[in-house]
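Novice: my questions are about this predicted structure, shown below with the sequence.
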Amino acid sequence: GESVGLHLPTLSVQEGDNSIINCAYSNSASDYFIWYKQESGKGPQFIIDIRSNMDKRQGQRVTVLLNKTVKHLSLQIAATQPGDSAVYFCSEIQYGNKLVFGAGTILRVKS
Amino acid sequence: GAVVSQHPSWVICKSGTSVKIECRSLDFQATTMFWYRQFPKQSLMLMATSNEGSKATYEQGVEKDKFLINHASLTLSTLTVTSAHPEDSSFYICSAIPAGRDTGELFFGEGSRLTVL
């Protein structure tokens, strides 16, 4: 669901380590999920998506895992780089084809 | 790839004035556009769905008379913040779905930062 008034948690990782960003969603009827990356002062950028008939999808350096039983999504970034520093949002397509964003996580990569 | 442009990218206005923000799809037609608002260090909140040629659909809690949305053509939606007040200061982001595609293929603008003094 939507996160009103919540400030974003921060994940700090060392450059080269793997990052795991988690997200809980509220609507068990949602069947399509998208992860976005947002850099400061910019709009969201598409990273990777997954449909509910899958539990894992891999891209370049990124993997999304979906656990429908507990309504949980995760984004894994391999060999995290300084350029990965940003805010990451999960999102779900809800009724009426609306894209609704989750709470978001700030990823800080330490060199 | 598809490009969505917002204008202005930032605006400062006095309290009580109205501000118009434009969202344009530059290389595709969009029957549906979405407007989001984002406060600092928070998530994007969906404000409304803008449909070309019809009235916008507002999310619960969003005042339609405060945030006027017009989607007069397949490439342009505008958001007007009427009688703006400091609490309306925010980052406003639009997104657009190419005609014939589904929501998962929407594209975001770069956002418009509104500061109301």
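Specialist: Great, that's in hand. Numbering: from 1, shown residues only, chains lettered A, B, ... in the order given.

Novice: how about the strands in chain B?
Specialist: Using DSSP state E, the strands assigned to chain B run over residues B:4-7, B:10-13, B:19-25, B:30-38, B:44-51, B:57-58, B:67-73, B:76-81, B:90-98, B:107-108, B:112-116.

Novice: same list (those) but as CSV, adding mean pLDDT, mean neighbour count and distance to chain A.
Specialist: From N, CA and C alone the C-beta is placed, and that goes for glycine too. Output for the strands of chain B, formatted as CSV (pLDDT from 0 to 100; neighbours: other CB atoms under 10 Å in any protein chain shown; distance: least, CB to the nearest CB, whole Å):
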stretch, mean pLDDT, mean neighbour count, distance to chain A
strand B:4-7, 96, 18, 8
strand B:10-13, 97, 14, 9
strand B:19-25, 97, 21, 11
strand B:30-38, 94, 24, 7
strand B:44-51, 94, 23, 5
strand B:57-58, 95, 18, 8
strand B:67-73, 92, 17, 15
strand B:76-81, 96, 22, 14
strand B:90-98, 94, 24, 5
strand B:107-108, 94, 24, 4
strand B:112-116, 98, 19, 7
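
Novice: with distance to A:Ser30 as extra columns, can I get the ones you listed in JSON lines?
Specialist: Conversion of these to JSON lines gives the following (distance: least, CB to CB, whole Å):
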{"stretch": "strand B:4-7", "distance to A:Ser30": "24"}
{"stretch": "strand B:10-13", "distance to A:Ser30": "34"}
{"stretch": "strand B:19-25", "distance to A:Ser30": "25"}
{"stretch": "strand B:30-38", "distance to A:Ser30": "16"}
{"stretch": "strand B:44-51", "distance to A:Ser30": "14"}
{"stretch": "strand B:57-58", "distance to A:Ser30": "19"}
{"stretch": "strand B:67-73", "distance to A:Ser30": "25"}
{"stretch": "strand B:76-81", "distance to A:Ser30": "25"}
{"stretch": "strand B:90-98", "distance to A:Ser30": "17"}
{"stretch": "strand B:107-108", "distance to A:Ser30": "20"}
{"stretch": "strand B:112-116", "distance to A:Ser30": "28"}
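
Novice: for A:Val100, find the nearest of the ones you listed.
Specialist: The stretch from the strands of chain B with the least distance to A:Val100 (CB to CB) is strand B:44-51; that distance is 6.0 Å.

Novice: for that closest one, which helices and strands make contact with it?
Specialist: Identification of packing neighbours for strand B:44-51 by 3 or more CB pairs under 8 Å, 6 or more residues apart in numbering or on different chains; DSSP states H and E yields strand A:98-101, strand B:30-38, strand B:57-58, strand B:67-73.

Novice: out of those strands, flag the one nearest B:Tyr92.
Specialist: When the helices and strands packed on strand B:44-51 are ranked by proximity to B:Tyr92 (CB to CB), strand B:30-38 comes first, at 5.7 Å.

Novice: please enumerate residues in contact with that closest one?
Specialist: Under the criterion CB atoms under 8 Å, 6 or more residues apart in numbering or on different chains, residues A:97-99, A:101, B:23, B:25, B:44-52, B:67, B:69, B:71, B:74-75, B:77, B:79, B:90-99, B:106, B:111 lie in contact with strand B:30-38.
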